[in-house]
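1. Please find the sequence and the predicted model below.
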Amino acid sequence: MVTRVLVTGAAGRIGRAVLALLAGRSVEANALVLEDPGDLTARLVVAGDASDAKAVRAALEGVDGVIHLAAIPTPERTPAPELFAVNTLATFTVLEEAGLAGVRQAAVASSWGITGLPWTADPSPHPAYVPVDESLPSQVADPYGLSKQVDELTAATMARRHGMSVVCLRYPFVGGFDERLRAHAARLTAEPALGARDLWTYLEVRDAARAALLALGVPGPGAHSVHLCAPETLVPFPTEELLRRYHPTTRLLRPLPGRTAPVDTTAAARLFGFTAEHLLDD
């Protein structure tokens, strides 16, 4: 069990939830943020860029686990070369410096975007099959999805290079039980086509944090990538009906009764015992 964890991107939505979870489990936290907001529950806060080796080294003081969340999260507002460079260099730097410091447990925020479905230029992209698993052929045609592909390759390299355990968490839409998640559900219910690229999936932010902490318990060396989401979709419609309407060419590998999420999360359950606990319907 880790005793002190570095959280990069600690001031973000998932980062704050991770800090709260660590505090509740009496695990010390270091935080790396671009700017210190002044209210983080961490024993050490370092203001700096995750691609800056000096800042990362300072933030790694005394840690035995790393949860790397710092990244530009979407491709809409950032020039493609900048987004790709920032995301990939940050992941390389954090894992390289962690490995050199003797850290052997790491979790990295990957993304549903690695499938290519959210931002491909194809106006109507369809997954080859559902439920989607980690072997789904990628349709990436955007710099964000590409950066996550490179991040996962970097994780595999660092696992070999430093004898680390690195788990890449393919997060879907993440929100808390506040206006963000409920408003998103309302939008997709009113217009289900808006959720077709994400297969109407989500994960509550406390579950996102818990998955990251659980991933630090995976023995190494080795690198793993897993999909995460709640077991049911955000919308009040039968999943198979949605798939027939919005993904008519997608193969259905097994029945998906009711609102079953069309994403296979058994790899996360098998690897570190994760299943989502916080469901919007509850």
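-> Everything's here; your move.
2. where exactly do the helices run in the chain?
-> Counting by DSSP state H, the chain has helices at residues 13-24, 53-59, 80-100, 143-162, 179-190, 205-215, 239-246, 266-272.
3. What is the fourth one packed up against?
-> Counting contacts by 3 or more CB pairs under 8 Å, 6 or more residues apart in numbering; DSSP states H and E, helix 143-162 is packed against helix 80-100, strand 105-111, strand 165-171, strand 222-227. Bear in mind the C-beta positions are built from the backbone N, C-alpha and C, glycine included.
4. Distance to residue 244, mean neighbour count and mean pLDDT added to these, as CSV?
-> Output for the helices and strands packed on helix 143-162, formatted as CSV (distance: least, CB to CB, whole Å; neighbours: other CB atoms under 10 Å; pLDDT from 0 to 100):
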stretch, distance to residue 244, mean neighbour count, mean pLDDT
helix 80-100, 35, 20, 98
strand 105-111, 27, 26, 98
strand 165-171, 25, 26, 98
strand 222-227, 22, 22, 98
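5. Can you lay out the ones you listed as CSV showing distance to residue 9?
-> Output for those, formatted as CSV (distance: least, CB to CB, whole Å):
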stretch, distance to residue 9
helix 80-100, 9
strand 105-111, 8
strand 165-171, 12
strand 222-227, 19
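6. The ones you listed: which one's closest to residue 142?
-> Evaluated with CB to CB, these place helix 80-100 nearest to residue 142, the distance being 7.9 Å.
7. Can you name the residues in contact with the closest one?
-> Identification of contacts with helix 80-100 by CB atoms under 8 Å, 6 or more residues apart in numbering yields 6, 8, 49-53, 56-57, 60, 63, 66, 68, 70-72, 75, 78, 106, 108, 142-144, 146-148, 150-151, 154-155, 158, 161-164, 166.
8. coming back round to it: of the helices of the chain, which shows the lowest average pLDDT?
-> When the helices of the chain are ranked by mean pLDDT, helix 179-190 comes last with a mean of 94.
9. relative orientation of that helix and helix 205-215 in degrees?
-> 110 degrees (axes from the mean of the first three to the mean of the last three CA atoms, to 10 degrees).
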